[in-house]
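Engineer: from the sequence below, what's the structure:
(chains A and B)
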Amino acid sequence: MNAPHTTDTVQPSAADPNESVPPADEITKKARLVGVALRALRAGPVLILLLLITGFASQSDIFLTTENAGNILAQTVVIAILALGQLLVILTRGIDLSVGAVLALSTVAGALVFDKIESAWVVMLVMVGTGAAVGVLNGLVFVKLKLPHPFITTLAMMSVARGVALVLSDGRPRQGMPEGVRTIGGDSIGWFPLSAFVVIGAALLTGLALYRLTWGRWVYAVGGNPEAARRTGIPVDRVLIAVFAISGLSAGVAGVLTAGRTDAGSPTFGNLAELDAISAVIIGGVSFLGGRGKVSNALVGALMVGVLRNGLNLLNVDAFIQMIAIGLILVLAVWLDTVRERLEGRFRTLQATAQGATK
Amino acid sequence: MSDTNRAAEIAAGPEILSVHHASKHFGPVTALEDVSITLHEGEVLALMGDNGAGKSTLIKALSGVHPIDTGHIEIDGQTARVDSPASARAMGIETVYQDLALFDNLSPADNFFAGRELSRLEWLPRPLRPMRRGDMRKETTRLLDDLKVTLPEGHSTVGLMSGGQRQAVAVARAAAFATKVVILDEPTAALGLRESRKVLDLIQRLKERGIGIILISHSMDHVLEVADTAIVLRRGRRVGQVIPSAETQEELVSLIVGGGATTNL
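Structural biologist: Numbers count the residues shown, from 1 in each chain, chains lettered A, B, ... in the order given. Okay, here's the model as predicted:
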């Protein structure tokens, strides 16, 4: 903040870049270098994924078999679905910590309904609907209470949803799911799990909504500059509610896949799944600061988590060590995100000076 | 005295926006007290005054962010209710805020059309309509060309642009959609000489189109150069109106600083 009387004076521009700058081509060369670094950073997650795959393939004969690929996919589908929902929330600068618990709640709701109604459609609808309803609630509470960040509201929902799931199920897993649900969650064509098709479908839908629909543009706008989004008349609150609704819905879909694979509903399902999903999104290269990230980032991140777990298992690495490895990679990913921020700032100034010097 | 002639010529032209006896209080604080201004077609009106003089309050009223308590606003001679940013924009008033309100993560085209995206399938609710992305890109290029704003190739998002380019995008966005008035809040404060020049040229082009411009600026040089008239506010009140020129500069400064006829600077 300036003192009142200093701002009155006509200020000579101290920032004029014309005086005493290095030659223009040197600056453009530097700018180009920073540009290359930026692009490498953006491709980073895919490169790391390929690196992981080649690394594991060289250490284990089983890793590259189709059977193992099917395993990886089957283990990754739940993370991937949750990551797609989480992607939307994180794009708007938010976080949804409740998805693991919502997944559990939806499987319990599905199992209870299956006791009365045999229809696979009804059971699936109940599971997905439960997730979406909790998501809407998450969004409404966040928006209506005018909280600065959804961390606490979704943390609270994590506790509430898990609690409701435990109450409804008497704390026990409930065996039995309709055949349709079991097929989607557990069957495969050859080595390719059917559940992976659900992920592909969900990814296509998410991509369509994000890149093609006006709503998707609003999601990026809200994440990029919420205040400006309000001033340009974007219905920010409704965008946020929708984003949480879809995240909840994705937890419901993940619930269908989990229940189908295990032929059960259980209040303990999805424990810490929210952390896997958030890790996947961030490792995949989505900015935790909001507004930047694509569907492909979320999918690549989910695959990285899946490949890492599977590979380390094949190499007989202790499960505890796996947790440490994923934690370290997470830190690395967040650090790379801040490096990107800094490089962009540097790119900007280099561009500006280059322009000043060439004209 | 071409300045005076030009000013007289513009002042004889049609009024596009006027504020009558506007007052605004924030609790016990009087931010605006009985302020009236008139803006004509193609006129650049500089709002001057020290910090806290009421300039920001006045432009926030005109852009619908903080509607005035008493008094009224006329657009084209008709009383207008400017009670939200959307209604201000619908009436052809666009504002470039000091923070620019840009989306750093989006392209210039996305920034231009944020909140007013071109889309097809008009029968669908707005969020669900597919965007006409190609049309928005083409339209943005055309609008930028019209204003002779050139953006360097190669970076897709506004976040990678220099201060001047960002300012140009923000001003061009306002210019592209304003049919009547563009409000500019300190458009050159953060810019170097060369970049300020570009913004001043842009103001000149808007003026030629008959757009009225309200300019808040602390830079006396820029006001002298582009403004047709200057209204000075102090502590929420209008204390004078001057046609800015080399001859009236001292008068202008003493109005801003206050304390009567200070001629000795």
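
Engineer: so where do the helices sit in the stretch 201-350 of chain A?
Structural biologist: A:214-224, A:226-231, A:236-262, A:273-283, A:295-314, A:319-358 (DSSP state H, counting those that start in this stretch).

Engineer: same list, the ones you listed, but as a markdown table with mean pLDDT please.
Structural biologist: Listed next are the helices of the stretch 201-350 of chain A as a markdown table, based on pLDDT from 0 to 100:
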| stretch | mean pLDDT |
| --- | --- |
| helix A:214-224 | 94 |
| helix A:226-231 | 88 |
| helix A:236-262 | 95 |
| helix A:273-283 | 91 |
| helix A:295-314 | 91 |
| helix A:319-358 | 76 |
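
Engineer: can you put the ones you listed in a markdown table and add distance to chain B?
Structural biologist: (Each C-beta comes from the backbone N, C-alpha and C, glycine too.) Below are the helices of the stretch 201-350 of chain A laid out as a markdown table (distance: least, Cβ to the nearest Cβ, whole Å):
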| stretch | distance to chain B |
| --- | --- |
| helix A:214-224 | 4 |
| helix A:226-231 | 4 |
| helix A:236-262 | 8 |
| helix A:273-283 | 16 |
| helix A:295-314 | 14 |
| helix A:319-358 | 3 |
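
Engineer: how about CSV for the ones you listed, with mean neighbour count added?
Structural biologist: Formatted as CSV, these follow (neighbours: other Cβ atoms under 10 Å in any protein chain shown):
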stretch, mean neighbour count
helix A:214-224, 25
helix A:226-231, 19
helix A:236-262, 26
helix A:273-283, 26
helix A:295-314, 23
helix A:319-358, 16
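
Engineer: of these, which is nearest B:Ala174?
Structural biologist: helix A:226-231 (11.7 Å; Cβ to Cβ).

Engineer: can I get that closest one in CSV, CA atoms only?
Structural biologist: The C-alpha coordinates for helix A:226-231 follow below in CSV (Å, rounded to 0.1, in the frame of the first residue of the first chain):
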residue,chain,number,x,y,z
PRO,A,226,-12.9,-16.7,-8.8
GLU,A,227,-13.3,-13.0,-8.2
ALA,A,228,-13.1,-12.2,-11.9
ALA,A,229,-15.5,-15.1,-12.6
ARG,A,230,-18.0,-13.4,-10.4
ARG,A,231,-17.5,-10.1,-12.0
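
Engineer: and the stretch 101-250 of chain A, which residues reach chain B?
Structural biologist: A:212-215, A:217-218, A:220-221, A:223-225, A:227-235, A:238-239, A:242 (Cβ under 8 Å from any Cβ of the partner chain).

Engineer: before we move on, back to that, now render the helices of the stretch 201-350 of chain A as a markdown table, adding distance to B:Ala189.
Structural biologist: Formatted as a markdown table, those follow (distance: least, Cβ to Cβ, whole Å):
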| stretch | distance to B:Ala189 |
| --- | --- |
| helix A:214-224 | 23 |
| helix A:226-231 | 18 |
| helix A:236-262 | 27 |
| helix A:273-283 | 36 |
| helix A:295-314 | 37 |
| helix A:319-358 | 16 |
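
Engineer: quick one: closest of those helices to A:Phe142.
Structural biologist: When these are compared (using Cβ to Cβ), the closest one is helix A:236-262, at 6.6 Å.

Engineer: stretch A:141-148: end-to-end distance?
Structural biologist: 12 Å (Cα to Cα, to the nearest Å).

Engineer: flag every buried residue along that stretch.
Structural biologist: Applying a neighbour-count criterion of 16 or more other Cβ atoms under 10 Å in any protein chain shown, the buried positions in stretch A:141-148 are A:Val141, A:Phe142, A:Val143.

Engineer: ok, stretch B:126-140 next?
Structural biologist: B:Pro127, B:Arg129, B:Met131, B:Arg133, B:Met136, B:Arg137, B:Glu139, B:Thr140.

Engineer: ok, stretch A:120-134 next?
Structural biologist: In stretch A:120-134, counting by 16+ other Cβ under 10 Å, buried: A:Ala120, A:Val123, A:Met124, A:Val126, A:Met127, A:Val128, A:Gly129, A:Thr130, A:Gly131, A:Ala132, A:Ala133, A:Val134.

Engineer: which of those residues fall in strands?
Structural biologist: Among the buried residues of stretch A:120-134, DSSP state E puts none in strands.

Engineer: okay if I get those residues as TSV plus pLDDT?
Structural biologist: TSV is the format used below for the buried residues of stretch A:120-134 (pLDDT from 0 to 100):
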residue	pLDDT
A:Ala120	87
A:Val123	91
A:Met124	94
A:Val126	95
A:Met127	95
A:Val128	96
A:Gly129	96
A:Thr130	96
A:Gly131	96
A:Ala132	96
A:Ala133	96
A:Val134	96
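
Engineer: can you put these in TSV and add distance to B:Ala101?
Structural biologist: Converted to TSV, the buried residues of stretch A:120-134 look like this (distance: Cβ to Cβ, whole Å):
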residue	distance to B:Ala101
A:Ala120	49
A:Val123	47
A:Met124	43
A:Val126	44
A:Met127	42
A:Val128	38
A:Gly129	38
A:Thr130	39
A:Gly131	35
A:Ala132	33
A:Ala133	35
A:Val134	34
